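Trainee: need a structure here:
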Amino acid sequence: NFLFSSESVNEGHPDKLCDQVSDAVLDACLKADPYSKVACETATKDNMVMVFGEITTAGKIDYEAIVREQVREIGFDSFVDDLSSV
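Mentor: Model (predicted):
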(Lines give C-alpha, C1' and ligand atoms only; values in the text may rest on other atoms or scores of the structure.)
Protein backbone atom coordinates (compact mmCIF):
# COMPACT_ATOMS: atom_id res chain seq x y z
CA ASN A 1 0.00 0.00 0.00
CA PHE A 2 1.01 3.57 -0.68
CA LEU A 3 -0.26 6.54 1.34
CA PHE A 4 -0.05 9.94 -0.32
CA SER A 5 -0.40 13.10 1.74
CA SER A 6 0.03 16.76 0.90
CA GLU A 7 -0.60 20.12 2.48
CA SER A 8 -2.56 22.82 0.69
CA VAL A 9 -3.43 26.28 1.93
CA ASN A 10 -5.37 29.09 0.32
CA GLU A 11 -3.94 32.31 -1.08
CA GLY A 12 -3.16 34.75 1.72
CA HIS A 13 -2.61 32.03 4.33
CA PRO A 14 0.20 32.86 6.79
CA ASP A 15 2.02 29.62 5.88
CA LYS A 16 2.65 31.03 2.40
CA LEU A 17 4.23 34.16 3.86
CA CYS A 18 6.34 32.06 6.23
CA ASP A 19 7.56 29.80 3.43
CA GLN A 20 8.57 32.78 1.31
CA VAL A 21 10.45 34.43 4.18
CA SER A 22 12.32 31.21 5.01
CA ASP A 23 13.21 30.72 1.34
CA ALA A 24 14.43 34.33 1.07
CA VAL A 25 16.65 33.90 4.15
CA LEU A 26 18.11 30.71 2.69
CA ASP A 27 18.72 32.39 -0.69
CA ALA A 28 20.43 35.39 0.95
CA CYS A 29 22.68 33.16 3.05
CA LEU A 30 23.71 31.01 0.09
CA LYS A 31 24.30 34.08 -2.07
CA ALA A 32 26.59 35.60 0.58
CA ASP A 33 28.29 32.30 1.45
CA PRO A 34 27.76 29.18 -0.67
CA TYR A 35 28.84 27.05 2.31
CA SER A 36 26.11 28.39 4.60
CA LYS A 37 24.20 25.94 6.75
CA VAL A 38 20.59 27.06 7.21
CA ALA A 39 17.89 25.37 9.28
CA CYS A 40 15.38 28.14 9.90
CA GLU A 41 11.66 28.37 10.42
CA THR A 42 9.37 31.36 10.22
CA ALA A 43 6.23 32.06 12.23
CA THR A 44 3.84 34.99 12.03
CA LYS A 45 0.98 36.45 14.04
CA ASP A 46 -0.66 39.85 13.79
CA ASN A 47 2.15 42.33 12.97
CA MET A 48 5.03 40.09 13.97
CA VAL A 49 7.23 37.80 11.88
CA MET A 50 9.77 35.61 13.68
CA VAL A 51 12.66 33.81 12.01
CA PHE A 52 14.32 31.26 14.24
CA GLY A 53 16.52 28.21 14.04
CA GLU A 54 20.18 27.60 13.32
CA ILE A 55 22.11 29.55 10.70
CA THR A 56 25.84 29.29 10.15
CA THR A 57 27.21 31.63 7.50
CA ALA A 58 30.25 33.79 6.86
CA GLY A 59 28.01 36.35 5.15
CA LYS A 60 26.59 39.48 6.76
CA ILE A 61 22.82 39.05 6.50
CA ASP A 62 20.26 41.76 7.26
CA TYR A 63 17.43 39.48 8.35
CA GLU A 64 15.06 42.34 9.17
CA ALA A 65 15.43 43.79 5.67
CA ILE A 66 14.78 40.37 4.12
CA VAL A 67 11.60 39.89 6.16
CA ARG A 68 10.34 43.41 5.44
CA GLU A 69 10.99 43.04 1.71
CA GLN A 70 9.10 39.72 1.52
CA VAL A 71 6.17 41.12 3.48
CA ARG A 72 6.12 44.17 1.17
CA GLU A 73 6.30 42.00 -1.98
CA ILE A 74 3.29 40.01 -0.82
CA GLY A 75 1.33 43.23 -0.42
CA PHE A 76 1.34 44.08 3.28
CA ASP A 77 2.68 47.61 3.07
CA SER A 78 0.72 49.46 5.75
CA PHE A 79 -0.67 48.96 9.23
CA VAL A 80 -4.19 49.37 7.83
CA ASP A 81 -3.84 46.05 6.01
CA ASP A 82 -1.73 44.28 8.62
CA LEU A 83 -0.84 40.63 9.00
CA SER A 84 -3.74 40.09 11.40
CA SER A 85 -6.11 40.33 8.44
CA VAL A 86 -4.97 36.94 7.07
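
Trainee: For Met5, grab the count of nearby residues.
Mentor: Quick fix: residue 5 reads Ser, not Met. 4 (other CB atoms under 10 Å). All C-beta atoms are positioned from the backbone trio N, CA, C, and that covers glycine.

Trainee: So it versus Glu41, what's the distance?
Mentor: 20 Å (CB to CB, to the nearest Å).

Trainee: quick one: buried residues of the helix-or-strand element of the chain with minimal mean pLDDT?
Mentor: Taking mean pLDDT, DSSP states H and E as the measure, helix 63-74 is the helix or strand of the chain with the lowest mean score, a mean of 91. The neighbour-count check on helix 63-74 (16 or more other CB atoms under 10 Å) flags 63, 66-67, 70-71 as buried.

Trainee: tell me the contacts of Ser8?
Mentor: Residues counted as contacts of Ser8 (CB atoms under 8 Å, 6 or more residues apart in numbering): none.

Trainee: Model confidence for it, exactly?
Mentor: Ser8 is assigned 75 on the pLDDT scale.

Trainee: Torsion angles phi and psi at it?
Mentor: phi -140, psi 130 (degrees, to the nearest 10).

Trainee: thinking again about what came up before, just the buried residues of helix 63-74 now: which is nearest Val49?
Mentor: Val49 lies nearest to Val67 out of the buried residues of helix 63-74, by CB to CB, at 5.1 Å.

Trainee: ok, the residue nearest to that closest one when sequence neighbours are not counted - contacts?
Mentor: Of all residues not flanking Val67 in the chain, Val49 sits nearest, at 5.1 Å (CB to CB, 6 or more residues apart in numbering). By CB under 8 Å, 6+ apart, Val49 lies in contact with 17-18, 21, 42-43, 67, 71, 83.
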